[in-house]
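Undergrad: would you be able to build a 3D model of this:
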Amino acid sequence: LRYPIVPHMPSPPALAIETRQPILRAVVVEADVAATASDARHLEILRAMGMTSAMSIPLIAHGRLLGALSFARSRSDRPYSSADLVLAEELARRAALALDNARLYQERRESAQRVEETLALLDSLLASAPFGFAFYDCDLRFLRINATMAAINGQPIEAHLGRTLADILPDLAPILEPLFQRILATGTALMNLEFVGEAPPGSG
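TA: Got it, this is the predicted structure:
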């Protein structure tokens, strides 16, 4: 912007943002215009607008300040009144909610895109890894597993997904489950452990 709103500027938008309160200038006088101008060119533009009345309302949604909504009358005999301000506040409230919803929607889309990109990278890593990989949820259900680990377990990849460790490895589950629960509870990795047990016959 050529003339952005800056803090402590005495214009209605700047004051609305700074104070988080609606600002009503029923009558805009020359001193108001001059105090708002950033330079001579800006003052010339403001004078050409012929503003006679103005009001600004902060845009706030869920406690978050998003900006300000401004209204101005030019060369009008009827100045803005308190009744106009009430209507403007309602419009600002609805506009703030719409803006905040749009922001949240965009953030969710970007977050979902990042998740998809991460999962695609993870799938690529799993597919190319020369050793077994498996990811579980907090109930020890398989979320992702690569072909190497699936072969070790004696079941195809599809047979693992959504099933628990006990479903796939009933012999080893009593040994593995306490260790995995310990990892989940403490966040501490366990390394260099060796397990021996029977895997069920493969289904494919």
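Undergrad: elements contacting the helix or strand encompassing residue 105?
TA: Using DSSP states H and E, residue 105 sits within helix 82-128. Contacts defined by 3 or more C-beta pairs under 8 Å, 6 or more residues apart in numbering; DSSP states H and E place helix 82-128 against strand 51-61, strand 64-74, strand 142-145. To be clear about C-beta, it is placed using only N, CA and C from the backbone, and glycine gets the same treatment.
Undergrad: apply 10 Å and report the result again.
TA: Packing partners of helix 82-128 (3 or more C-beta pairs under 10 Å, 6 or more residues apart in numbering; DSSP states H and E): strand 23-25, strand 51-61, strand 64-74, strand 134-136, strand 142-145, helix 147-153.
Undergrad: may I see those organised as TSV, with mean pLDDT added?
TA: Formatted as TSV, those follow (pLDDT from 0 to 100):
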stretch	mean pLDDT
strand 23-25	93
strand 51-61	93
strand 64-74	92
strand 134-136	88
strand 142-145	90
helix 147-153	88
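Undergrad: which of these sits most buried?
TA: Neighbour counts averaged per stretch over those are highest for strand 51-61, at a mean of 22; criterion: mean count of other C-beta atoms under 10 Å.
Undergrad: tell me the strands beside that strand, with direction?
TA: Looking at strand 51-61 with DSSP bridges, its partner strands are strand 23-25 (antiparallel), strand 64-74 (antiparallel).
Undergrad: follow-up on the earlier one: so which of the helices and strands packed on helix 82-128 gets nearest residue 181?
TA: Closest to residue 181 of these, according to C-beta to C-beta: strand 134-136, at 10.6 Å.
Undergrad: quick check: the gap between the nearest residue to residue 24 once chain neighbours are set aside and residue 41.
TA: Spatially, and ignoring its direct neighbours in sequence, residue 24 is nearest to residue 55 (4.6 Å; C-beta to C-beta, 6 or more residues apart in numbering). Separation of residue 55 from residue 41 (C-beta to C-beta, to the nearest Å): 25 Å.
Undergrad: one step back: let's have the strands paired with strand 51-61 in a markdown table, adding distance to residue 48.
TA: Below are the strands paired with strand 51-61 laid out as a markdown table (distance: least, C-beta to C-beta, whole Å):
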| stretch | distance to residue 48 |
| --- | --- |
| strand 23-25 | 18 |
| strand 64-74 | 10 |
